[in-house]
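Undergrad: no FASTA, just this:
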């Protein structure tokens, strides 16, 4: 069942169109991962080494540990047990800040849909947790790898609207409490909240020994203050307004943005997490490839 099929059952033509659009965008991203330099995006499950067992024909000779044979003239094979599957929980920040520009919101939705599609294509379970936002869709989709899982995630994403505050610290704590077994947690956000307010909460995830990876979506026009005329800006989350003269504040604003970006990255490095930035104006293929190919715990 596709995302479009699930939306059709809901009976909302607009939801159907949004889910179909996300599905097409996700398929394009995954197709891009397999083009050019992005071929090796599949992650094989690692195996746990249990010990040595005597070699007994007709066991394949390729499994013999020849280094042991060279040392003590014994034919042994390495016994391994495949580790449990790696469950992935995608966490989508649907706050008003993420929707401050249509391009940033669209990129975040498509990145999340693309990650879900790629993880399922790799045979791993994937789920979704939505923080903040409006709309009547599901806020939590448990991780599964069933045939209808992608449809359920796409419909949940197509149903949400940017609204409210993400309250990232509470969101991370909630996801950490739900994490069980080997889990990969994928955060998709602009991380516009003060890093000092949420960076410590990342420990709610890392103390569960999760593989922590994030995609930070940003809009160049928003961070570079590309407009020149004085304007009155509106905070998407509080509704407050304040006057801005871009030409007068641009140098100081650039310093603030640089410091903020450094704080966000430092928060993930401190918790052995991966942070992949992607601009709303760019293709997300390279960002997804980096996210999928990262070694667990490697910043």
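TA: Nice, I can see it. Model, not experiment: these values are computed from the prediction.

Undergrad: And the strands in the stretch 101-250 of the chain?
TA: In the stretch 101-250 of the chain, the strands defined using DSSP state E, counting those that start in this stretch lie at 126-131, 140-144, 183-189, 211-218, 231-234, 241-244.

Undergrad: Can you say which of those strands is nearest to residue 174?
TA: strand 126-131 (7.3 Å; CB to CB). In this view, the C-beta of every residue, glycine as well, is placed from N, C-alpha and C.

Undergrad: Partner strands of the closest one, with direction?
TA: Applying DSSP bridges, strand 126-131 is found paired with strand 87-93 (parallel), strand 140-144 (antiparallel).

Undergrad: Next, format the ones you listed as JSON lines and append mean pLDDT, mean neighbour count and distance to residue 270.
TA: Listed next are the strands paired with strand 126-131 as JSON lines, based on pLDDT from 0 to 100; neighbours: other CB atoms under 10 Å; distance: least, CB to CB, whole Å:
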{"stretch": "strand 87-93", "mean pLDDT": "95", "mean neighbour count": "25", "distance to residue 270": "19"}
{"stretch": "strand 140-144", "mean pLDDT": "95", "mean neighbour count": "17", "distance to residue 270": "26"}
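
Undergrad: And the residue nearest the centre of the chain?
TA: By CA atoms, centre = their mean, the chain has its centre lying nearest to residue 186, at 3.2 Å.

Undergrad: now the strands paired with strand 126-131 as CSV including distance to residue 67?
TA: As requested, those are exported to CSV (distance: least, CB to CB, whole Å):
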stretch, distance to residue 67
strand 87-93, 35
strand 140-144, 39
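
Undergrad: any idea how far residue 147 lies from residue 124?
TA: 15 Å (CB to CB, to the nearest Å).

Undergrad: So for these two, which residue has more residues nearby?
TA: residue 124 (18 against 10; other CB atoms under 10 Å).

Undergrad: Please report phi then psi for that one.
TA: Residue 124 adopts backbone torsions of phi -100, psi 150, taken as degrees, to the nearest 10.

Undergrad: Any regions of the stretch 1-150 of the chain where pLDDT drops low?
TA: Within the stretch 1-150 of the chain, the ranges that satisfy pLDDT under 70 run 1-11, 34-51, 57-62, 79-85.

Undergrad: any chance of the strands of the stretch 101-250 of the chain in a markdown table, plus distance to residue 117?
TA: Formatted as a markdown table, those follow (distance: least, CB to CB, whole Å):
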| stretch | distance to residue 117 |
| --- | --- |
| strand 126-131 | 9 |
| strand 140-144 | 14 |
| strand 183-189 | 13 |
| strand 211-218 | 14 |
| strand 231-234 | 34 |
| strand 241-244 | 39 |
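
Undergrad: All the helices of this structure, in order from the start?
TA: Taking DSSP state H as the criterion, the chain carries its helices at 3-10, 13-33, 66-72, 102-121, 149-159, 168-178, 195-198, 203-206, 220-224, 246-270, 285-293.

Undergrad: out of the ones you listed, deepest packed?
TA: helix 149-159 (a mean of 25; mean count of other CB atoms under 10 Å).

Undergrad: Can you give the distance from that one to the centre of its chain?
TA: Taking CA atoms, centre = their mean, to the nearest Å, one finds the center of helix 149-159 at 15 Å from the center of the full chain.

Undergrad: what's it packed up against?
TA: If contacts are counted by 3 or more CB pairs under 8 Å, 6 or more residues apart in numbering; DSSP states H and E, helix 149-159 sits against helix 3-10, helix 13-33, helix 102-121, strand 126-131, strand 140-144.

Undergrad: picking that back up, for residue 264, see how far away the residue nearest to the centre of the chain is.
TA: Going from residue 186 to residue 264 by CB to CB gives 16 Å.

Undergrad: on that earlier part again, hey, what's the closest residue to the residue nearest to the centre of the chain other than its chain neighbours bridged with?
TA: Ranked by CB to CB, 6 or more residues apart in numbering and with sequence neighbours excluded, the top spatial neighbour of residue 186 is residue 90, at 4.7 Å. For residue 90, the beta-bridge partners are residue 128, residue 186 (DSSP bridges).

Undergrad: give me every residue that touches residue 90.
TA: By CB atoms under 8 Å, 6 or more residues apart in numbering, residue 90 lies in contact with 112, 115, 116, 126, 127, 128, 129, 153, 186, 188.

Undergrad: Using a markdown table, lay out the residues you listed together with distance to residue 165.
TA: Below are the contacts of residue 90 laid out as a markdown table (distance: CB to CB, whole Å):
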| residue | distance to residue 165 |
| --- | --- |
| 112 | 19 |
| 115 | 24 |
| 116 | 24 |
| 126 | 26 |
| 127 | 23 |
| 128 | 19 |
| 129 | 16 |
| 153 | 23 |
| 186 | 21 |
| 188 | 16 |
